[in-house]
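1. what shape does this take:
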Amino acid sequence: MKVLFIGGTGNISTSVSRLCIEKGIDLYLLNRGKRGVRIKGAKTLVGDVSKPGQLSSVLKGHKWDAVVNWIAFTPEDVERDIELFRGKTGQYVFISSASAYQKPPTFSIITESTPLYNPHWEYSRNKIACEERLNHAYRDEDFPITVVRPSFTYDTVIPLAIGGWNEYTAVDRMKKGKKIIVHGDGTSLWTITHAEDFAKGFAGLLGHQQAIGQPFTITSDEVLTWDQIYRTVAEAAGAEANIVHIATDFLVKFDESFEGSLLGDKSHCAIFDNSKIKSFVPDFKATITLKEGVKKTLAWFDAHPKRKVVLDSTNKMMDRIIETYERMK
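-> Next up is the predicted model:
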């Protein structure tokens, strides 16, 4: 099977790329060649997908069993891909987001049939618009789409809501005994998935004829509260989580940038029914617990201290919020 990944060396996609190679897939990675991540066994095509006019020579003569775009975020991105790969691939996989599901949710368990609606986050609305355009292409011209909606998936990022992800600030505060912010009362339920587990389900969809025209959620079945998540990360870092609970509405009023990531995503319970992906990929089973997975993530940061980015702006913001909140109390 000949597969093209647009991207393929990111937080989620690196694990998928490696598993595809293990499975014997003839994998090509189209990227600008700037990340410095190398996938042994994969062939690299150097090009910028945002400049399709420059890709004709790079993609000339290729036809694909599947194309996956890991870095499509807007309807313009998928419109470009439809033009690029019309008649040239047996499957086009769009990476959407579980944040596109209805916010706030009206039912406790999220499935692929949960409505797509997010008034709080432009990122999610753009993903919904991408899905709508691709569904039109599927219905109107038989463009062979598959939609995958990951939730909070980590490997080379820190799975925390504030002061984590691409920065090390929250972990650094934990190690120094400083207070850290957990939105709400810390009891809302959330699902966090390691990229290696996600890869097991995702790889099974590539070339899967029955997956054409279908959406899939791929997550772990481990459900934790946000307090448990922060304490698990702190334990892995050899520290304790000195948690201050702050209402999400207060955080959003203090800094409107929290609206998307919190009101549009992490302040709500996120429990997923993975029955569909398990029925299409019977071997899929998420086995990496957060306790195990976050140790791998922190070891990745420890391997190169320059990765431990501590932002002064985040520290100051968290200190201001905590001080203001506690003074008001």
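2. residue ranges in the stretch 51-200 of the chain under the pLDDT threshold?
-> Applying pLDDT under 70 to the stretch 51-200 of the chain flags no residue at all.
3. which stretches of it form strands?
-> Remark: strands assigned in the stretch 51-200 of the chain by DSSP state E, counting those that start in this stretch are 66-69, 92-95, 109-110, 145-150, 152-154, 179-183, 189-194.
4. in a markdown table, list the ones you listed along with distance to Lys43 and mean neighbour count.
-> For the C-beta atoms, the positions are set from N, CA and C on the backbone; glycine is no exception. Listed next are the strands of the stretch 51-200 of the chain as a markdown table, based on distance: least, C-beta to C-beta, whole Å; neighbours: other C-beta atoms under 10 Å:
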| stretch | distance to Lys43 | mean neighbour count |
| --- | --- | --- |
| strand 66-69 | 14 | 26 |
| strand 92-95 | 18 | 24 |
| strand 109-110 | 37 | 16 |
| strand 145-150 | 22 | 23 |
| strand 152-154 | 25 | 22 |
| strand 179-183 | 43 | 21 |
| strand 189-194 | 27 | 22 |
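5. thinking Ile110 is in contact with Thr217, fair?
-> Yes. Counting by C-beta atoms under 8 Å, Thr217 is a contact partner of Ile110 at 7.0 Å.
6. give me the common contacts of the two.
-> Shared contacts of Ile110 and Thr217, defined by C-beta atoms under 8 Å, 6 or more residues apart in numbering, are found at Ala98, Phe272, Asp273.
7. so which of those residues is the closest to Asp302?
-> For the shared contacts of Ile110 and Thr217, the closest approach to Asp302 (C-beta to C-beta) belongs to Ala98, at 29.4 Å.
8. identify the residues contacting the closest one.
-> Residues near Ala98 by C-beta under 8 Å, 6+ apart: Ile110, Arg149, Pro150, Ser151, Thr217, Thr219, Ala270, Phe272.
9. tell me which residues touch the fifth one, please.
-> Looking back up the chat, that one is Thr217. So Thr217 contacts 98, 110-112, 148-151, 272-274, 276-277 (C-beta under 8 Å, 6+ apart).
10. let me know the pLDDT of it.
-> Looking at Thr217, its pLDDT is 98.
11. confirm that it sits in a strand.
-> Yes. Per DSSP: H, G, I helix; E, B strand; the rest coil, Thr217 lies within a strand segment.
12. what ranges does the protein have for its helices?
-> Counting by DSSP state H, the chain has helices at residues 13-22, 56-59, 75-85, 122-141, 169-175, 195-203, 226-236, 248-254, 258, 275-280, 290-303, 312-328.
13. okay if I get the ones you listed as TSV plus distance to Leu30 and mean neighbour count?
-> Converted to TSV, those look like this (distance: least, C-beta to C-beta, whole Å; neighbours: other C-beta under 10 Å):
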stretch	distance to Leu30	mean neighbour count
helix 13-22	12	21
helix 56-59	7	13
helix 75-85	10	18
helix 122-141	18	18
helix 169-175	33	23
helix 195-203	18	24
helix 226-236	34	21
helix 248-254	38	17
helix 258	34	23
helix 275-280	26	16
helix 290-303	25	17
helix 312-328	33	13
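14. export those as TSV, with columns for distance to Gly33.
-> Listed next are the helices of the chain as TSV, based on distance: least, C-beta to C-beta, whole Å:
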stretch	distance to Gly33
helix 13-22	14
helix 56-59	12
helix 75-85	19
helix 122-141	25
helix 169-175	30
helix 195-203	21
helix 226-236	33
helix 248-254	39
helix 258	35
helix 275-280	32
helix 290-303	22
helix 312-328	30
